[in-house]
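Enquirer: next input, structure requested:
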Amino acid sequence: MKDLKTALEDRKKVKDKKPNFLKQDAQKKSSLYSDWRRPRGRHSKMRLRKKGRRKRPSMGYSSPQLVRGLNPDGVKEKLVYNLEDLSSVGKNEGVIISGNIGLRKKIEMLKKIQELKLTLLNLKDINAFIKQTEESFLAKKQESKKKEEEKKQAKEEAVKKAEEKKKEEEKKTEDQKKVEEEEKAKEDARKKAMQQPV
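Expert: Here you go, the predicted structure:
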């Protein structure tokens, strides 16, 4: 019976020799390069496995059964989305945290992984990552506080300006009233002077 290390080495050799399996006539159209499709044509030389044609997938290219589905380190990968998924991870399984998880949830999961002493495959240094993210959170909080303070100051300044403007307008109206009263008094005096007999 093969041990895990030799099986992994054998798989590496097989995979190095494995060609890129492309569908028939993939070289004729760029849109056909995407993935493998089995040739179905009646006269297809590729279907008949003629010499000089493209290679087709077969059992000879498969990896040893012992290491099938394992990563290069010989660990089975398990994709995790939440804290509940971590409880179902086995001893010889490696954890991969999903990429579409938010930072806060990710930090909680990383702390739980450290607590359970699980192997994490898609992050090298957990402590450094947690420290860096917490620092960025603090920086964001400080920035948001600063912005709020600036908004408050701007609001207060706007209120002050509005009050000053109101006072100026009131003063202007008072000055205008005084000017109008003076003009009215002058007009009345002129009318009285006109009415007096000479």
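Enquirer: tell me the secondary structure for E77?
Expert: strand (DSSP: H, G, I helix; E, B strand; the rest coil).
Enquirer: mind listing what it touches?
Expert: 70-71, 93-94, 96, 121 (Cβ atoms under 8 Å, 6 or more residues apart in numbering). Every C-beta, even on glycine, is put in place using the N, C-alpha and C of the backbone.
Enquirer: how far away from the center of its chain is stretch 177-187?
Expert: Counting by Cα atoms, centre = their mean, to the nearest Å, stretch 177-187 is centred 71 Å from the centre of its parent chain.
Enquirer: check the protein for its longest helix and report it.
Expert: For the chain, the longest helix by residue count, based on DSSP state H, is helix 126-195.
Enquirer: got phi/psi on the residue positioned nearest the centre of the chain?
Expert: In the chain, the residue lying closest to the centroid (Cα atoms, centre = their mean) is N100, at 7.4 Å. With angles defined as degrees, to the nearest 10, N100 sits at phi -100, psi 30.
Enquirer: also W36?
Expert: phi -90, psi 140.
Enquirer: what's the distance between it and L83?
Expert: Separation of W36 from L83 (Cβ to Cβ, to the nearest Å): 38 Å.
Enquirer: that older thread, pull out the buried residues from the contacts of E77.
Expert: 70, 93-94, 121 (16 or more other Cβ atoms under 10 Å).
Enquirer: mind listing which of those are in helices?
Expert: In this view, these have no member that belongs to helices under DSSP H.
Enquirer: okay if I get the residues you listed as CSV plus pLDDT and distance to A189?
Expert: Listed next are the buried ones among the contacts of E77 as CSV, based on pLDDT from 0 to 100; distance: Cβ to Cβ, whole Å:
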residue, pLDDT, distance to A189
L70, 90, 111
E93, 90, 106
G94, 91, 103
L121, 91, 100
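Enquirer: closest to F137 among these?
Expert: Nearest to F137, judged by Cβ to Cβ, of these is L121 at 24.9 Å.
Enquirer: test my guess that the closest one contacts V80.
Expert: No - using Cβ atoms under 8 Å, L121 makes no contact with V80, being 10.4 Å away.
Enquirer: so where is this structure shaky, pLDDT-wise?
Expert: Where the chain drops to pLDDT under 70, the residues are 1, 197-198.
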